[in-house]
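1. Okay, predicted coordinates and the sequence, questions at the end:
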Amino acid sequence: MTYKEALNTIPKGKYRHYKGNEYEVLEIAQHSETLEPLVVYRALYGEYGVWVRPAEMWNEIIEKDGKSFRRFERCE
């Protein structure tokens, strides 16, 4: 996935992780060495930590108990 593709497919806003917690996408960034697109996001629970995750992983389909889920679903 390119940086431009990540910008177009992962809009800022609120998302729900397949395990139930909610997060807010703050920005799409690029790795300084590889230029890999990264999602910058904040937990909307606990200490409200800020995290980064590769955009490819953000959009992954997860298999659990024989069912398929998007790792993150937009919930706005």
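-> On my side now, so go ahead.

2. Report the secondary structure state of residue 25.
-> What DSSP: H, G, I helix; E, B strand; the rest coil gives for residue 25 is strand.

3. separation between residue 36 and residue 16?
-> Distance check for residue 36 against residue 16: by Cβ to Cβ, to the nearest Å, it reads 24 Å. In short, each C-beta sits where N, CA and C put it, glycine included.

4. Following the chain past the lengthiest helix in the chain, name the next helix or strand.
-> As assigned by DSSP state H, the longest helix anywhere in the chain is helix 3-9. Tracing the chain past helix 3-9, the next element assigned as helix or strand by DSSP states H and E is strand 13-17.

5. list the helices and strands that following strand packs on?
-> Using 3 or more Cβ pairs under 8 Å, 6 or more residues apart in numbering; DSSP states H and E, the elements in contact with strand 13-17 are strand 22-30, strand 72-74.

6. Partner strands of the longest one, with direction?
-> Paired with strand 22-30 in the same sheet, following DSSP bridges, are strand 13-17 (antiparallel), strand 37-43 (antiparallel).

7. Single out the most deeply packed of these.
-> Among the strands paired with strand 22-30, the stretch with the highest mean neighbour count (mean count of other Cβ atoms under 10 Å) is strand 37-43, at a mean of 19.

8. Identify the bridge partners of the residue nearest to residue 31 when sequence neighbours are not counted.
-> Using Cβ to Cβ, 6 or more residues apart in numbering and skipping the chain neighbours, the partner closest in space to residue 31 is residue 38 (6.0 Å). Beta-bridge pairing of residue 38 under DSSP bridges involves residue 29, residue 54.

9. Tell me how far residue 38 lies from residue 65.
-> 29 Å.

10. Can you pull the phi/psi pair for residue 10?
-> Main-chain torsions, residue 10, degrees, to the nearest 10: phi -130, psi 80.
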